[in-house]
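A.B. asks: pasting the sequence and the predicted model now:
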Amino acid sequence: MADAKYDVLGIGNAIFDVLVQTDEAFLGRHGMAKGSMSLIDEARATAIYRDMGPATEMSGGSAANTIVGIGNLGARAAYVGKVKDDQIGRLYTHDIRAAGVTFDTKPAADGPATGCSYILVTPDGERTMNTYLGAAQDLTPDDIDPAQIAAAGIIYLEGYLWDPKNAKDAFVKAATIAHGAGRQVALTLSDAFCVDRYRDEFLDLMRKGTVDLVFANEAELHSLYQTADFDTALKQYQNDTRLGVVTRSEKGCVVVSKDGVTAVPAFPIDRLVDTTGAGDLFAAGFLFGLVRNAGYDAAGRLGALAAAEVIQHIGARPQVSLKELAQQNGLPV
């Protein structure tokens, strides 16, 4: 993608993460479904925050985590997402730019506060998210700069954008511009509950070719095709998308295309601490592999390596150089 200014540009809900290690009793007290992502209002956000223990706070959002990972691997990365011009919004902007990512979206001057996600991590490493979208839901088609989109080799979109109506329109506008410029469009399905809400629309995006590459985990794949049988779902997935990836936790991943199926093992870890960002960082490694024309197997291994790094500590951003880690493991960078 030598003619592209950016290797990958991500568009997503700009969300500030507040992570805390807790127990299942806390989830029960607050009526949370373990492993889910729920959209909450400001009052519920305040109630959860008040009851939480000491927290780790950092800029987040699914696509933003992926884009930071891509930058960490050494690719040219850009991000589009809406924050408010408030204290957390300024922190968010500083964080993502400090990671070497171009972030030029104009912050909102008024309206709701910068979005926050309250992420509860249980001792088994499972994360349960409660997200107040705030300013993130005010991302509109006007925030999509056609020249910037056309200058990116791959546009990466998160399924969570399908919740706010304006963001959905921004998503479609970006995909149309990207294809007009001969670029690729990738989508992560984000969350099984998100797939439940928008199953038909996501399938439509895949079947019409609005998206070229789709990332899903097993739960999202089963939700998409409403079947408990993995092979049945995988076969339909292969028919519906040009290129599809399914992450399977410790079982690694499966890449499907019209050419066939490639299975890639997971990367070994010492200890599972927090699964927050596992799928986001997998996508970062895989997209980086595609940008480097490394082939599906190597792209899958880069994804597995990036995911393995992030699940061994709290938070969804890498704590070491993924580029150096890849080099140490003989992977193409």
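C.D. replies: Right, received. Where do you want to start? Residues are numbered from 1 along each chain as shown.

A.B. asks: run through the stretch 151-300 of the chain and note the low-pLDDT ranges.
C.D. replies: Applying pLDDT under 70 to the predicted model, the stretch 151-300 of the chain contains no residue that meets it.

A.B. asks: which helix or which strand is home to the closest residue to I67 other than its chain neighbours?
C.D. replies: Taking C-beta to C-beta, 6 or more residues apart in numbering, and ignoring the residues beside it in sequence, I67 has G10 as its nearest neighbour in space, at 3.9 Å. Backbone N, C-alpha and C define where each C-beta goes, glycine included. Secondary structure assignment for G10, by DSSP states H and E: strand 6-11.

A.B. asks: centre of the chain to that strand, how far?
C.D. replies: Relative to its chain's centre, strand 6-11 lies at 12 Å (C-alpha atoms, centre = their mean, to the nearest Å).

A.B. asks: which strand or helix spans the closest residue in space to A178 that isn't next to it in sequence?
C.D. replies: Residue nearest to A178 in three dimensions, not counting chain neighbours: I155, with 4.4 Å by C-beta to C-beta, 6+ apart. Taking DSSP H and E as the definition, one finds I155 inside strand 152-158.

A.B. asks: same deal with I177?
C.D. replies: Using DSSP H and E, the element containing I177 is helix 165-180.

A.B. asks: mind listing what's buried in the helix or strand just after that helix?
C.D. replies: Following the chain from helix 165-180 toward its C-terminal end, the next helix or strand by DSSP H and E is strand 184-188. Residues Q184, V185, A186, L187, T188 are the ones in strand 184-188 that count as buried (16 or more other C-beta atoms under 10 Å).

A.B. asks: excluding covalently adjacent residues, which one is nearest to the third one?
C.D. replies: If the residues on either side of it in the chain are set aside, A186 comes closest to L213, at 4.1 Å by C-beta to C-beta, 6+ apart.

A.B. asks: the last one too?
C.D. replies: Spatial nearest neighbour of T188, chain neighbours left out: F215 (4.2 Å); criterion: C-beta to C-beta, 6+ apart.

A.B. asks: distance of the spatially most central residue of the chain from A294?
C.D. replies: Residue closest to the mean C-alpha point of the chain, counted by C-alpha atoms, centre = their mean, is S62 at 3.2 Å. Distance from S62 to A294, counting by C-beta to C-beta, to the nearest Å: 23 Å.

A.B. asks: again with V333
C.D. replies: Separation of V333 from A294 (C-beta to C-beta) stands at 9 Å.

A.B. asks: quick one: contacts for S59?
C.D. replies: By C-beta atoms under 8 Å, 6 or more residues apart in numbering, the residues touching S59 are A14, F16, D17, L91, Y92, D95, I96.

A.B. asks: which helix or strand contains the fourth one?
C.D. replies: Secondary structure assigned from DSSP H and E places L91 in helix 87-98.

A.B. asks: what is that helix packed up against?
C.D. replies: strand 15-21, strand 56-60, helix 62-73, strand 102-103 (3 or more C-beta pairs under 8 Å, 6 or more residues apart in numbering; DSSP states H and E).

A.B. asks: and if we set it to 10 Å?
C.D. replies: Contact analysis of helix 87-98 by 3 or more C-beta pairs under 10 Å, 6 or more residues apart in numbering; DSSP states H and E lists strand 15-21, strand 56-60, helix 62-73, strand 77-80, strand 102-103, strand 115-121 as its packing neighbours.

A.B. asks: contacts for it?
C.D. replies: Defining contact as C-beta atoms under 10 Å, 6 or more residues apart in numbering, one finds that helix 87-98 is touched by 14-18, 57-61, 64-65, 67-68, 71, 77, 79, 81-86, 101-105, 107-108, 113-116, 134-135, 317.

A.B. asks: and those, which are buried?
C.D. replies: Of all the contacts of helix 87-98 considered here, the ones buried according to neighbour count by 16+ other C-beta under 10 Å are 14-18, 58-61, 64-65, 67-68, 71, 77, 79, 81-84, 86, 101-103, 105, 107-108, 113-116, 134-135, 317.

A.B. asks: buried residues in stretch 144-161?
C.D. replies: By 16+ other C-beta under 10 Å, the buried positions in stretch 144-161 come out as 144-145, 148-161.

A.B. asks: likewise for stretch 272-292?
C.D. replies: Along stretch 272-292, these residues count as buried under the neighbour rule (16+ other C-beta under 10 Å): 273-292.

A.B. asks: assign a three-state SS to G35, would you?
C.D. replies: Applying DSSP: H, G, I helix; E, B strand; the rest coil to G35 yields a three-state assignment of coil.

A.B. asks: wait, isn't it in contact with F193?
C.D. replies: Yes: here G35 reaches F193: they are 9.5 Å apart, a contact under C-beta atoms under 10 Å.

A.B. asks: N239 and T210: what is the separation?
C.D. replies: Between N239 and T210 the distance, using C-beta to C-beta, works out to 16 Å.
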